[in-house]
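Asker: The following block contains a protein sequence and its predicted model.
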Amino acid sequence: MTQKGKPINDGLFNRTYDMFQLLKKLPDRFLSEEEVKGLLGVLPPDSANSLQSFFRPSIQRASRAFINMVAAVFDETRHAQKEGKKVVLLPFNFPPEIVHSFENLAPVTTELLSTAATIVLEGQGERYWDYVLGLGLPDHICSANAIELGSMLSGLDYEPDAIISGCVGSCDVNAKAHEFVSLLLDLPQIPLEKPTMDFDQGFKYFRKSYYKMIQKLEELAGEELKEENLREVSVRANRCTELYNDLWELKKHVPNPVPGIFSLLICGTRFAMWGREEGIRTLEQCVEVSRHNLESEAYRSREEIARIVWVYLSYFYDFVNFYDWMEDKGISNFGDALQLAFPQTIDLTSKESMLDDMIEMAWNNVMTRQMGASSMARGWSEDIIYVVKEWDLDGCVYCGHHSCKQTWSAFTVARNEVLKRTGVPTLGLQGDTWIRSMTPIGVIQEELEQFVNNVIAGKRGRGRGRRRRRAAR
């Protein structure tokens with residue numbers, strides 16, 4: 001792959017692609033503790049830290065499926081041009097099924113690239129973040145998209161053929177960052193506008209905008225959207241939804257049998273490979289591991305001192321001291337709001353019925369549904385209250401990303417509403433999901449442990465948290 005006739009040397013995409021090429025060549029079998037130790041010994045410290053979590057024996061089947069899935073995303077993006085395809089850059093809140101339905105398009109999600117780099121690269125994404133700031137962009141932009149976009153602007157990375165802009169109104173920082181890149185690199189931007197009207201008039205406008213977007217994608221791809229392709233993707237998307245719902249139900253058990261790190265795997269699948277066999281395999285393995293945990297007497301006998309959900313984002317820059325640490329402490333991590341996409345089963349009757357359900361899912365997708373609602377505080381609160389009751393949670397934690405000023409404006413209202421209607425407290429933290437220098441992981445651990453010991457434990461002692469363990473089914 002070249003960038004304007006020059007070889008790509010040090011861009012985020014190329015470096016991350018090479019790492020996933022290495023990982024997918026590992027033997028297709030369970031790796032022993034000794035083999036994992038040998039692998040980690042030859043990797044840079046930052047890479048080894050994340051992969052140490054990924055290759056834990058208890059989750060290895062699922063994490064290996066996820067690694068192969070992400071490797072497939074990089075492979076398709078890298079080889080798209082040779083195969084006569086166009087690369088379409090998507091935001092995290094845009095369901096990729098519609099783009100997968102085109103033969104000549106290859107979707108890739110900005111935030112998936114940034115997160116993959118944070119997981120496997122030495123130095124994570126910090127050099128690309130620094131490059132963006134060096135261009136004069138403000139330090140309150142979002143690292144989730146700025147890390148990859150910074151690499152793209154460096155001239156050392158790939159360039160997509162078009163960008164879908166689907167974050168206007170729900171994540172304006174994301175929308176403006178992509179707009180800036182599209183203007184600077186002269187890339188076409190395809191808008192999908194969602195009004196803040198949460199009623200029929202607003203949905204009709206959104207539906208009309210979605211069909212306009214399809215027309216632009218057809219022009220870009222040089223092909224008409226075929227009903228048979230749409231149906232094939234929809235069938236696989238329905239299987240993904242079925243597995244997603246299985247994981248949702250499994251989380252209702254005490255102790256929760258779904259490992260906390262699976263929230264990352266679920267989000268990565270939703271953002272990139274929903275409606276693809278690679279996505280199905282990842283979710284199937286997540287379900288299989290979780291059901292095994294549910295049936296394991298040793299796992300069921302574990303002490304679960306707290307059940308918490310991150311009401312906005314998690315932290316992705318230190319898996320060992322985030323996911324593994326919470327599990328060791330008996331804190332059951334139910335993931336974050338990026339899971340609140342609420343996918344539905346697609347009606348396969350006709351092309352129109354399939355598109356209507358895809359449009360409905362895009363309308364209700366993560367952050368579009370909550371932060372893009374007519375009342376952000378209400379939309380956000382209602383969904384958090386729903387999961388608190390569904391999963392019988394003890395506490396909520398808000399990772400106040402420095403970029404997301406819109407959520408800070410509604411946080412107090414949402415926290416008070418959750419407490420009033422469920423009795424569940426919310427801890428407010430500051431930090432950056434992708435940049436470790438913003439808030440050290442030790443500070444997060446200390447704050448979380450104090451919250452669990454001093455606030456949640458007190459409430460449990462007053463009766464709320466005393467539950468009977470549910471038998472495996």
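Answerer: Cool, got the structure.

Asker: number of nearby residues for Thr345?
Answerer: By other CB atoms under 10 Å, the residues close to Thr345 number 13. C-beta: built from backbone N, CA, C; applies to glycine.

Asker: correction: Ile346
Answerer: 24.

Asker: on contacts alone, who are the packing partners of the host helix or strand of Thr241?
Answerer: In this structure, Thr241 sits in helix 227-250 according to DSSP states H and E. Secondary-structure packing of helix 227-250 (3 or more CB pairs under 8 Å, 6 or more residues apart in numbering; DSSP states H and E): helix 97-100, helix 262-272, helix 277-295, helix 351-363.

Asker: May I have it as PDB, with CA atoms only?
Answerer: Only the C-alpha atoms of helix 227-250 are listed here, as PDB (Å, rounded to 0.1, in the frame of the first residue of the first chain):
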ATOM      1  CA  GLU A 227     -31.200  -7.400  -2.400                       C
ATOM      2  CA  GLU A 228     -29.400 -10.700  -2.300                       C
ATOM      3  CA  ASN A 229     -26.300  -9.200  -0.800                       C
ATOM      4  CA  LEU A 230     -28.400  -7.300   1.700                       C
ATOM      5  CA  ARG A 231     -30.100 -10.500   2.800                       C
ATOM      6  CA  GLU A 232     -26.900 -12.400   3.200                       C
ATOM      7  CA  VAL A 233     -25.500  -9.700   5.500                       C
ATOM      8  CA  SER A 234     -28.800  -9.400   7.300                       C
ATOM      9  CA  VAL A 235     -29.000 -13.200   8.100                       C
ATOM     10  CA  ARG A 236     -25.500 -13.000   9.600                       C
ATOM     11  CA  ALA A 237     -26.400  -9.700  11.400                       C
ATOM     12  CA  ASN A 238     -29.400 -11.500  13.000                       C
ATOM     13  CA  ARG A 239     -27.100 -14.200  14.200                       C
ATOM     14  CA  CYS A 240     -24.800 -11.600  15.800                       C
ATOM     15  CA  THR A 241     -27.900 -10.100  17.500                       C
ATOM     16  CA  GLU A 242     -28.900 -13.500  18.800                       C
ATOM     17  CA  LEU A 243     -25.500 -14.000  20.400                       C
ATOM     18  CA  TYR A 244     -25.500 -10.400  21.700                       C
ATOM     19  CA  ASN A 245     -28.800 -11.100  23.500                       C
ATOM     20  CA  ASP A 246     -27.400 -14.400  24.800                       C
ATOM     21  CA  LEU A 247     -24.500 -12.500  26.500                       C
ATOM     22  CA  TRP A 248     -27.000  -9.900  27.800                       C
ATOM     23  CA  GLU A 249     -29.000 -12.700  29.500                       C
ATOM     24  CA  LEU A 250     -25.900 -14.400  30.900                       C
END
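
Asker: May I see the buried residues of it?
Answerer: Going by neighbour count (16 or more other CB atoms under 10 Å), the buried part of helix 227-250 is 230-231, 233-234, 236-241, 243-244, 246-248, 250.

Asker: Figure out how far it is from the centre of its chain.
Answerer: Centroid separation for helix 227-250 versus its chain: 17 Å, with CA atoms, centre = their mean, to the nearest Å.

Asker: as a whole number, average confidence for that helix?
Answerer: For helix 227-250, mean pLDDT rounds to 98.

Asker: Equivalent analysis for stretch 325-343, please.
Answerer: On average, stretch 325-343 scores 93.

Asker: got the residue ranges for the helices in the stretch 1-150 of the chain?
Answerer: Listed in chain order, the helices of the stretch 1-150 of the chain (DSSP state H, counting those that start in this stretch) span 12-24, 33-42, 45-54, 60-79, 97-100, 110-120, 126-134, 143-153.

Asker: Need these in a markdown table (columns: mean neighbour count, mean pLDDT and distance to Gly423).
Answerer: Listed next are the helices of the stretch 1-150 of the chain as a markdown table, based on neighbours: other CB atoms under 10 Å; pLDDT from 0 to 100; distance: least, CB to CB, whole Å:
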| stretch | mean neighbour count | mean pLDDT | distance to Gly423 |
| --- | --- | --- | --- |
| helix 12-24 | 20 | 93 | 43 |
| helix 33-42 | 13 | 92 | 42 |
| helix 45-54 | 19 | 90 | 33 |
| helix 60-79 | 21 | 96 | 33 |
| helix 97-100 | 24 | 98 | 38 |
| helix 110-120 | 27 | 94 | 33 |
| helix 126-134 | 18 | 90 | 39 |
| helix 143-153 | 28 | 89 | 32 |
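
Asker: can you map out the strands along the stretch 351-473 of the chain?
Answerer: Along the stretch 351-473 of the chain, counting by DSSP state E, counting those that start in this stretch, strands occupy 395-401, 426-431.

Asker: Low-confidence regions, this structure specifically.
Answerer: 1-9, 458, 460-473 (pLDDT under 70).

Asker: and if we set it to 50?
Answerer: 1-8, 462-473 (pLDDT under 50).

Asker: wait, what's in contact with the residue nearest the centre of it?
Answerer: By CA atoms, centre = their mean, the mean C-alpha position of the chain lies nearest to Cys267, the distance being 3.3 Å. Counting by CB atoms under 8 Å, 6 or more residues apart in numbering, Cys267 touches 335, 338-339.

Asker: re the thing from before, now the angle from the helix holding Thr241 to helix 262-272?
Answerer: Orientation check (axes from the mean of the first three to the mean of the last three CA atoms, to 10 degrees): helix 227-250 against helix 262-272 gives 160 degrees.

Asker: how would you label Leu187: helix, strand or coil?
Answerer: Of the three states, Leu187 takes coil under DSSP: H, G, I helix; E, B strand; the rest coil.

Asker: ok, for it, nearest residue in space, not its chain neighbours?
Answerer: Ile163 (5.7 Å; CB to CB, 6 or more residues apart in numbering).

Asker: Which one, of the helices and strands packed on helix 227-250, ends up nearest to Arg415?
Answerer: The closest of the helices and strands packed on helix 227-250 to Arg415 is helix 262-272. By CB to CB, the value is 20.8 Å.

Asker: how about the CA coordinates for that closest one, as PDB?
Answerer: Extracted C-alpha coordinates of helix 262-272, given in PDB (Å, rounded to 0.1, in the frame of the first residue of the first chain):
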ATOM      1  CA  PHE A 262     -15.600  -9.100  26.600                       C
ATOM      2  CA  SER A 263     -17.300  -5.700  26.600                       C
ATOM      3  CA  LEU A 264     -14.400  -4.600  24.400                       C
ATOM      4  CA  LEU A 265     -14.800  -7.600  22.100                       C
ATOM      5  CA  ILE A 266     -18.500  -7.000  21.800                       C
ATOM      6  CA  CYS A 267     -18.000  -3.300  20.900                       C
ATOM      7  CA  GLY A 268     -15.300  -4.100  18.400                       C
ATOM      8  CA  THR A 269     -17.600  -6.600  16.700                       C
ATOM      9  CA  ARG A 270     -20.500  -4.200  16.600                       C
ATOM     10  CA  PHE A 271     -18.400  -1.400  15.200                       C
ATOM     11  CA  ALA A 272     -16.600  -3.400  12.500                       C
END
